[in-house]
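*Asks:* A predicted structure for the sequence below; I have some questions about it.
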Amino acid sequence: MAFSGAQPPYLNPIVPFTGTIQGGLQDGLQITVSGTAFYSGGTRFAVNFQTGRSDNDIAFHFNPRFEEGGYVVCNTKQKGSWGPEERKKQMPFQRGIPFELCFLVQSSEFKVTVNGNLFVQYEHRVPFHHVNTISVTGAVQLSYVSFQSPGIWPATAAPMTQRFVHTVQSTPGQMFPQNPMIPPMAYPNPAYPMPFFTSIPGGLYPSKSIIVSGTILPCAQRFYINLRSGSNIAFHLNPRFDENAVVRNTQINSSWGSEERSLPRQMPFFRGQNFSVWIMCESHGLRVAVDGQHLFEYYHRLKNLPAINSLEVGGDIQLTHVQT
């Protein structure tokens, strides 16, 4: 199955990060950067849309700076030379608090939203179709960089800036064990009620993606991710540590179908470690990746995709991020 024009996300990339934008920028493409700014180790981070992996030609430089009360610099670099800065004397980011930063490419400008709120519009100074690379640098940790192709929203679907995103800082040592510079936040433990339920706005449709991230408990036996259609379970993803298997199935009218267990590689989940599951819907089935690596495909058994409109997660894990 093809990705229907949608590029898979980069999950938990290491900063400094440089990644290819497949097909380059297009009018209507939206790129979402989710992460957390550090408390120490620097006072700035930047997201650059550039030509190639060199930073000589940056069409759009978005640079939050936690200095002088906080402000954001936007600029363009051509042949190694910066143009005039555009500064916005607001700081929509908070150190230690996860953010969702969305860049919508339009014919005349970039439209930038932070946590669903419009923050700035930046007019193109160079042709945006030359851009084929995104880079992120500075004092920030990334959860993911995802891509939403233009022209894919059905009439019933919410625009991307309105979709449901739940992100939390979990107890110390669980979400960011490798970055002690981020202090613990005062969230309940566990941060998500388990089992966890939420809606999928607009239901499933080709190119719709869902991301579930969390930490597997040290003594975990099993956990599950269900995509539901009413009382039916259209897709049941069930890693079982007691069986060293990842079971997939569908339940219709309280009856389970035939299990699928085969994998192209070893068990991708590990007790005591973080994970990210990415589910991409296509016309004929689902593609599932774990920690950025494709794992399997699952062909739809329930064909009414818009009716598959709720997500359920439970078992021996603690959630840190859910995007539907």
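*Replies:* Nice, thanks for sending it over.
*Asks:* leaving aside the residues next to it on the chain, what's closest to K88?
*Replies:* Excluding the flanking residues, the one nearest K88 by Cβ to Cβ, 6 or more residues apart in numbering is V72, at 4.9 Å. From N, CA and C alone the C-beta is placed, and that goes for glycine too.
*Asks:* no, scratch that, I was asking about Q30
*Replies:* Per Cβ to Cβ, 6+ apart, closest to Q30 is Q148, 4.3 Å.
*Asks:* The one you found: how many residues sit nearby?
*Replies:* 21 (other Cβ atoms under 10 Å).
*Asks:* Phi, psi for it please.
*Replies:* Torsion angles at Q148 (phi, psi; degrees, to the nearest 10) stand at phi -120, psi 110.
*Asks:* you'd agree it is up against L29?
*Replies:* Yes - counting by Cβ atoms under 8 Å, Q148 does reach L29; the two are 7.2 Å apart.
*Asks:* any idea of the pLDDT on the residue nearest to K88?
*Replies:* Listed pLDDT for V72 reads 97.
*Asks:* Wasn't it part of a strand?
*Replies:* Yes - under DSSP: H, G, I helix; E, B strand; the rest coil, V72 falls within a strand.
*Asks:* In the sheet, which residues pair with it? Tell me.
*Replies:* Beta-bridge pairing of V72 under DSSP bridges involves P64, K88.
*Asks:* For N56, give me its contacts.
*Replies:* Contacts for N56 (Cβ atoms under 8 Å, 6 or more residues apart in numbering) come out as K77, K79, G80.
*Asks:* among those residues, which are in strands?
*Replies:* Per DSSP state E, strands hold the following members of the contacts of N56: K77.
*Asks:* What's the ChimeraX line that selects buried ones from the contacts of N56?
*Replies:* Listed next is the ChimeraX selection for buried residues among these, using 16 or more other Cβ atoms under 10 Å:
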select :77
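*Asks:* How is this protein divided into domains?
*Replies:* Structural domains assigned to the chain are 10-152, 165-323, following automatic domain parsing.
*Asks:* Which of those domains has the lowest mean pLDDT?
*Replies:* Across these, domain 165-323 has the smallest mean pLDDT, namely a mean of 82.
*Asks:* looking at this, L25 is in a strand?
*Replies:* No - with three-state DSSP as the criterion, L25 is coil rather than part of a strand.
*Asks:* That one touches S107, doesn't it?
*Replies:* No - using Cβ under 8 Å, L25 is not in contact with S107; the gap is 11.1 Å.
*Asks:* any idea how far stretch 239-253 is from the chain center?
*Replies:* 24 Å (Cα atoms, centre = their mean, to the nearest Å).
*Asks:* In that stretch, which residues are buried?
*Replies:* For stretch 239-253, by 16+ other Cβ under 10 Å, it's P239, R240, F241, A245, V246, V247, R248, N249, T250, Q251.
*Asks:* what ranges do the helices span in the stretch 201-324 of the chain?
*Replies:* Using DSSP state H, counting those that start in this stretch, no helices are found in the stretch 201-324 of the chain.
*Asks:* Any buried residues in stretch 294-304, and which?
*Replies:* For stretch 294-304, by 16+ other Cβ under 10 Å, it's L295, F296, Y298, H300, R301, L302.
*Asks:* which other residues reach it?
*Replies:* Here stretch 294-304 has contacts from 1, 8, 229, 232, 234-235, 246, 248, 250, 252, 257, 260, 262-265, 268, 284-289, 308, using Cβ under 8 Å, 6+ apart.
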